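Engineer: missing the sequence, but the structure's below:
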């Protein structure tokens with residue numbers, strides 16, 4: 001409903017707050033039930049996954065239906081495929097909070113995994129593995145909403161990399 005209301009107001013980008021869709025107050029095994037592995041950037045989850053079983057597909061379809069670029073905060077579940085055993089959580093999977101962005105046509109255009117967890121979250125306390133961070137696209141391309149927009153999740157905004165350095169380099173301004 002929020003996206004339809006935003007569309008009526010000719011909104012370019014609607015950003016939902018952290019924990020508006022996924023909460024970390026549950027034990028780790030319960031939180032994992034609400035997470036999924038994200039599709040590749042540039043994909044169109046609405047047309048490639050079942051909206052009945054994929055939150056990414058539902059959100060992609062909602063952005064497409066309303067014709068509003070959108071940022072949501074979700075969690076991703078990733079098996080420890082290539083992480084050293086010392087970094088892998090005991091249950092063999094990372095639970096990673098992330099900001100995900102969809103263009104107004106529903107295309108998955110950006111993701112920023114939380115790097116610096118704050119407090120006793122159910123998510124992986126050591127943050128995203130370096131291989132995941134390396135593939136993040138934390139800046140929404142200007143072609144999506146007219147200006148480059150960086151996505152930070154909560155506490156990450158206070159750290160040099162990548163957000164403060166993006167601002168210093170002029171990659172984002174506002």
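Structural biologist: Nice, I can see it. All of these numbers come straight from a predicted model, not from anything done at the bench.

Engineer: show me what contacts residue 15?
Structural biologist: Contacts here follow Cβ atoms under 8 Å, 6 or more residues apart in numbering; on that basis residue 15 touches 70, 71. For every residue, glycine as well, the C-beta is placed using N, CA and C.

Engineer: pLDDT at it, what is it?
Structural biologist: We note a pLDDT of 90 for residue 15 in this prediction.

Engineer: roughly how far apart are it and residue 161?
Structural biologist: Distance of residue 15 to residue 161, given as Cβ to Cβ, to the nearest Å: 22 Å.

Engineer: Could you do residue 135 as well?
Structural biologist: Here residue 135 is placed at a distance of 15 Å from residue 161 (Cβ to Cβ).

Engineer: now residue 71
Structural biologist: Residue 71 sits 20 Å away from residue 161, going by Cβ to Cβ.

Engineer: Those two: who's more crowded?
Structural biologist: More crowded of residue 71 and residue 161, by other Cβ atoms under 10 Å: residue 71, with 22 against 10.

Engineer: just to confirm, which helix or strand has residue 97 in it?
Structural biologist: Element membership for residue 97, per DSSP states H and E: strand 93-102.

Engineer: same for that strand, what does it pack against?
Structural biologist: helix 55-66, strand 69-79, strand 108-113 (3 or more Cβ pairs under 8 Å, 6 or more residues apart in numbering; DSSP states H and E).

Engineer: what's around the nearest residue to residue 163 once chain neighbours are set aside, how many residues?
Structural biologist: Using Cβ to Cβ, 6 or more residues apart in numbering and skipping residues adjacent in sequence, the residue nearest residue 163 is residue 152, 5.1 Å away. Neighbourhood size, residue 152 [other Cβ under 10 Å]: 20.

Engineer: which residues in the protein form helices?
Structural biologist: Using DSSP state H, the helices of the chain run over 2-8, 28-31, 45-48, 55-66, 130-135, 142-145, 165-169.

Engineer: Tabulate these (CSV), appending distance to residue 112, mean pLDDT and mean neighbour count.
Structural biologist: Converted to CSV, these look like this (distance: least, Cβ to Cβ, whole Å; pLDDT from 0 to 100; neighbours: other Cβ atoms under 10 Å):
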stretch, distance to residue 112, mean pLDDT, mean neighbour count
helix 2-8, 20, 90, 14
helix 28-31, 19, 80, 14
helix 45-48, 17, 95, 19
helix 55-66, 15, 95, 21
helix 130-135, 9, 70, 12
helix 142-145, 14, 90, 15
helix 165-169, 11, 85, 12
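
Engineer: Per-residue pLDDT of residue 106, please?
Structural biologist: Reported pLDDT for residue 106: 97.
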